[in-house]
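Visitor: sharing a sequence plus its predicted fold:
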Amino acid sequence: MLIPSIDLKGGKVVQLVQGDRVAIERTDVFRWVRRFKDFPQVQLIDLDAAMGTGTNDELVRKVSAKLACRVGGGIRSVDRARQVMEAGAKKIILSSALFMEGHPDLAFAAKVCEAVGREHVVAAVDTKGGRLVIHGWRTTLALSPLDAIKVLEPYCDEFLYTDVDHEGLMQGMDMEVVKAVRAATKRRVCAAGGITTQEEVNTLDAMGVDAVVGMAIYTGTMELLPPK
């Protein structure tokens, strides 16, 4: 399944290259909302909240009212997780808050599950150079994605694996790593980072992995086919 992504920064839709450089910036947020309206899931990330530079709460609320969104970015407390769900999210994506002092924070993960329901939790395992990265991809942990998946599996319904090394470059992603992530868990898995062609989406689908796509859609490189 293809999951289109909407990344928000400063009230605009943006696409970043490897989390740093803004490559695309669009003010017409609801043009994309209309374009993605038939998709069963859309990934909505508040980059300002993730980076600690503000929030796009009102925009997240408006978009979540129109699309079935999985929302991530800056969810660092149980109260915030509840707020995002109450704002209309179908699922929340947790990242940095799942780790404390370099290790998985299972107590926090359990509290979030109790508050919003495990079935609504997606655990992000963003990876750069084979290691997990958090805090907007600026802090590297001494953990691999497989290390994290092993212990976080009881506390989420799904894992989001992002290949940061290829994010935004439209050069494809390392499918062997995705295979390893898929084999490491019984939970749903979705992958992001460099996915550029429908063939890659089909390959992931055959592996039982959903594909989160951003840059290739916004640049028109990938034709956006109606969801099946």
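Guide: Here it is on my side, so go on. Numbering: from 1, shown residues only.

Visitor: which parts of this structure are helices?
Guide: Taking DSSP state H as the criterion, the chain carries its helices at 29-35, 47-51, 57-66, 78-86, 106-116, 145-152, 175-183, 198-206, 215-218.

Visitor: buried residues, the first one. List them.
Guide: The reference is to helix 29-35. Val29, Trp32, Val33 (16 or more other C-beta atoms under 10 Å). No exception for glycine: its C-beta is placed from N, CA and C like everyone else's.

Visitor: which residues touch the last one?
Guide: For Val33, the set of contacting residues under the criterion of C-beta atoms under 8 Å, 6 or more residues apart in numbering consists of Ile6, Val63, Lys66, Leu67.

Visitor: Ala148: which of these is nearest?
Guide: Relative to Ala148, the closest of the contacts of Val33 is Ile6; by C-beta to C-beta it sits at 25.3 Å.

Visitor: for the protein, which spans come out with low pLDDT?
Guide: For the chain, no stretch has pLDDT under 70.

Visitor: spatially central residue in it, please.
Guide: Residue closest to the average C-alpha location in the chain (C-alpha atoms, centre = their mean): Leu160, at 5.7 Å.

Visitor: that residue against Arg187, yeah?
Guide: No: Leu160 is beyond contact range of Arg187, at 10.6 Å (criterion: C-beta atoms under 8 Å).

Visitor: residues in contact with the closest residue to Tyr155 other than its chain neighbours?
Guide: With C-beta to C-beta, 6 or more residues apart in numbering as the criterion, Tyr155 has its nearest non-adjacent residue at 3.7 Å, and that residue is Ala109. Residues in contact with Ala109 (C-beta under 8 Å, 6+ apart) are Leu94, Leu98, Val121, Ala123, Leu152, Tyr155, Cys156.

Visitor: nearest to Ala142 among the contacts of Val33?
Guide: Ile6 (32.2 Å).

Visitor: excluding chain neighbours, give the residue nearest to that closest one in space.
Guide: Nearest non-adjacent residue to Ile6 (C-beta to C-beta, 6+ apart): Leu44, at 5.0 Å.

Visitor: what's around the one you found, how many residues?
Guide: 28 (other C-beta atoms under 10 Å).

Visitor: likewise for Asp38?
Guide: 9.

Visitor: cool, and Val201?
Guide: That count, for Val201 with other C-beta under 10 Å as the rule, works out to 22.

Visitor: could you do Gly10 as well?
Guide: 13.

Visitor: circling back to that earlier point, the residue nearest to Ile6 bridge partners, please.
Guide: As for beta bridges, Leu44 partners with Ile6, Val71 under DSSP bridges.
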